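Trainee: Quick one: sequence plus predicted model below, questions after.
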Amino acid sequence: MVAPLSAWPWENLGIFKYILYGPLAAKVLHSWIYEDTIKDLWCLHILLICALRGLVHQLWSSYTNMLFLTRNRRIQQQGVDFKQIDGEWDWDNFIILQALLASMACLTFQSLDALPLWNPKGFITLLILHITISEPLYYWAHRSFHESYLFTHYHSLHHSSPVLHPFTAGLATPLEHLILCIVIGIPMMGCILMGYGSTSMIYGYVLAFDFLRCLGHSNVEVVPHGIFNNLPFLKYFLYTPTYHSLHHTEMGTNFCLFMPLFDAIGNTLNSNSWHLHKKISSDSEGKGKVPDFVFLAHGVDVTSAMHVPFVFRSFASIPFSMRIFLLPMWPFTFLIMLMMWTMSKTFLLTFYNLRGRLHQTWVVPRFGFQYFLPFATAGINKCIEEAILRADRMGVKVISLAALNKNEALNGGGTLFVNKHPELKVRVVHGNTLTAAVILNEIPKDVKEVFLTGATSKLGRAIALYLCRKRVRVLVSLYI
């Protein structure tokens, strides 16, 4: 039997769950169209806050997936697999839940419409209430969720993601998010009841709360260790991504919300927290692990560029298809393409580990149509050459030219660079040469005669010529 409040009531609605925002949107539109002013302004505020919360999570997701910026700061080195992406697909359920609860609060407390835009006393009161109530409340609730029954039926979902990601912050059951609503709601309601509330306070606190939650689940150490050397006391008032990652790997420690002070008080602070943080912070200045194999790709077109992991992770995990709602982003993406054309260099896009070897995909910042512009070929070859030389300096064993990067008319399938730099240690290959190598490797060493059949191709000619040089007799039957 499913435990109470362990499943979302709209989990089977799919994308139609966003209809739950409908009444709020309808109220705003009705007031805007048929009335002089929007009477229930909080309907608009709730929608704006929900949109901004989604944007905060999306920006963190984009940043963590920009491996060209974060690869040396990653805490857990393995990548996020498709199973985790599917599990976190509905990460934003909590935003819908809190929007519904906020709507009920606005209907209950009509005085919320009279809140001023700004009240500095509210921020001070908010901070005091957060430290004295929200932090300890969350700490003890979190510890309780690690008890046998609650962990098995509720909190284990949050810990099911093997690699932390900003969307992991939203992966939890309704019960956990209801408790989180209380944690986040007490300081705001306390300020409002004391007469110190303001609209900016609510916006600021909710967005800062989400920002720090994403920070802890980012799997990228962005907090420099030097700040704790200069201000040692600060390490008890601000957690780090490394600090929270230890909670997910060693679950009996580091339960705090944002302040490790409460772990220190509760004797649950992981003694390795600061040492690991210093190590990862120091290692971020290095070059990181050298890949064994590099796949040198390029952009296809402007539309497909919006499906890379650091734009929309969900789109990158499923087969490409045209999405109408992405069309408004096309002009902005086109401008980014022009900027990449003028100033960008080859960058790291994705990686994976296969049989203990690190494989990376690097991208030449050019799109398919640019390879057919005569005046652009020199720049493209320069990017490819710089990538090959960089791979050679790093100690990469093999770099494979993909798609149009191996175009015969562009660089002779890579021979241009091999001939220009005969001292290269990295092996420059492409799909055809790799296929030929696999076929040749399957031919026994002592064979004296080989019969080839099929259509004429570069691949067949290359295999035939190689065998002839090895003094193997080649018989060919061609389909014309």
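Mentor: All right, it came through fine.
Trainee: Show me what the top helix by length along the chain is in contact with.
Mentor: Looking across the chain with DSSP state H, the single longest helix is helix 41-65. In this structure, residues lying in contact with helix 41-65 by CB atoms under 8 Å, 6 or more residues apart in numbering are 21, 24-25, 27-28, 31, 38, 69-70, 91-92, 95-96, 99, 102-103, 106, 112-113, 165-167, 169-170, 199, 202-203, 206-207, 210-211, 214-215, 218-220, 309-311, 313. For the C-beta atoms, the positions are set from N, CA and C on the backbone; glycine is no exception.
Trainee: Equivalent analysis for stretch 293-300, please.
Mentor: Here stretch 293-300 has contacts from 305, 337, 346, 349, 357-368, 371, 384, 387-388, 391, 396-405, using CB under 8 Å, 6+ apart.
Trainee: Mark which of those residues are buried, thanks.
Mentor: 305, 337, 346, 349, 358-367, 371, 384, 387-388, 391, 396, 398-405 (16 or more other CB atoms under 10 Å).
Trainee: rewinding a little: the longest helix of the chain - what's its average pLDDT?
Mentor: Mean per-residue pLDDT for helix 41-65: 96.
Trainee: Check which helices and strands the very next helix or strand once past that helix sits against.
Mentor: Per DSSP states H and E, the first helix or strand lying C-terminal to helix 41-65 is helix 67-70. The contact analysis (3 or more CB pairs under 8 Å, 6 or more residues apart in numbering; DSSP states H and E) places helix 67-70 against helix 41-65, strand 347-354.
Trainee: what's next to helix 67-70, contact-wise?
Mentor: By CB under 8 Å, 6+ apart, helix 67-70 touches 63-64, 220, 310, 347-351.
Trainee: Buried ones only from the residues you listed, please, as a PyMOL command.
Mentor: Burial among those is assessed by 16+ other CB under 10 Å; the matching PyMOL selection reads:
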select buried, resi 63+64+220+310+347+348+349+350+351
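Trainee: Pull the number of nearby residues for Gly431.
Mentor: Counted by other CB atoms under 10 Å, the residues lying close to Gly431 total 15.
Trainee: what ranges of the stretch 51-200 of the chain fall below the confidence cut-off?
Mentor: Along the stretch 51-200 of the chain, no part satisfies pLDDT under 70.
Trainee: typo on my end, the stretch 301-450 of the chain
Mentor: Using pLDDT under 70, the stretch 301-450 of the chain has no residue that qualifies.
Trainee: ranges for the strands of it?
Mentor: 347-354, 357-364, 398-401, 427-430, 449-455 (DSSP state E, counting those that start in this stretch).
Trainee: Adding distance to Leu238, write the ones you listed out as a markdown table.
Mentor: Formatted as a markdown table, those follow (distance: least, CB to CB, whole Å):
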| stretch | distance to Leu238 |
| --- | --- |
| strand 347-354 | 29 |
| strand 357-364 | 33 |
| strand 398-401 | 42 |
| strand 427-430 | 47 |
| strand 449-455 | 65 |
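Trainee: So Thr268: helix, strand or coil?
Mentor: Three-state call for Thr268 (DSSP: H, G, I helix; E, B strand; the rest coil): coil.
Trainee: So which residues of the stretch 151-300 of the chain form helices?
Mentor: For the stretch 151-300 of the chain, applying DSSP state H, counting those that start in this stretch gives helices covering 174-193, 199-216, 226-230, 241-249, 261-265, 273-283.
Trainee: ends of stretch 221-235, how far apart?
Mentor: Taking CA to CA, to the nearest Å, the first and last residues of stretch 221-235 lie 14 Å apart.
Trainee: Pro116: neighbouring residues, count only.
Mentor: 12.
Trainee: The one 10 residues further on now?
Mentor: Neighbour count for Leu126, taken as other CB under 10 Å: 23.
Trainee: wait, what's in contact with it?
Mentor: Taking CB under 8 Å, 6+ apart as the test, what Leu126 contacts is 187-188, 190-191, 201, 205.
Trainee: so which helix or strand takes in it?
Mentor: Judged by DSSP H and E, Leu126 forms part of helix 120-129.
Trainee: Next secondary structure after that helix?
Mentor: According to DSSP H and E, the helix or strand after helix 120-129 is helix 135-144.
Trainee: next one: that following helix to chain centre, how far?
Mentor: Offset of helix 135-144 from its chain centre (CA atoms, centre = their mean, to the nearest Å): 28 Å.
Trainee: who's in contact with it?
Mentor: With CB under 8 Å, 6+ apart, helix 135-144 has contacts from 150, 179-180, 182-183, 186, 255-259, 261-263, 266, 268.
Trainee: Perfect, that will be all.
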